[in-house]
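# Provided below are the primary sequence and the corresponding predicted coordinates.
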Amino acid sequence: MKNFEPLNRHLLVRLCTEEKKEESSFVLPDDYQAPKDPYQVVHVISTAPDCSIDVESGDAVVVERSQIHTLKVEGDEYHLILQNHVYGVLP
């Protein structure tokens, strides 16, 4: 993965994996997906120079899932979130 520097108040983040398989006594279609929580925990990789919130690389933050922008550039995938869409930092 190449270095990607976020700009314009964006944070470059890494998505947390959240695989939870629960056994069910109901038969569901193979392509069924349970509704996802509207919020997601992500880890900050880097921040834009003009970012005004106090987060550092490695911090876990809560964001709205629909506000995560995924960019695919030259075979690499990057996830960005605007600083205004960060709800809080987890300890």
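Sure thing, it's come through. Residues are numbered from 1 along each chain as shown.
# For burial, what's the neighbour tally of Val86?
21 (other Cβ atoms under 10 Å). (Each C-beta comes from the backbone N, C-alpha and C, glycine too.)
# What of Pro6?
Pro6 has 21 nearby residues by other Cβ under 10 Å.
# Hmm, Val13 and it touching each other?
No - here Pro6 lies out of contact with Val13, judged by Cβ atoms under 8 Å, at a distance of 9.2 Å.
# which residues are common contacts for those two?
Leu80 (Cβ atoms under 8 Å, 6 or more residues apart in numbering).
# so His43 makes contact with Val63?
No - using Cβ under 8 Å, His43 makes no contact with Val63, being 10.9 Å away.
# Need the residues touching each of those two.
Common neighbours of His43 and Val63 (Cβ under 8 Å, 6+ apart) are Val13.
# Can you give me the pLDDT of the most far-flung residue of the chain relative to its centre?
Computed with Cα atoms, centre = their mean, the maximum C-alpha offset from the centroid of the chain is found at Ser25, amounting to 31.9 Å. Note on Ser25: pLDDT of 73.
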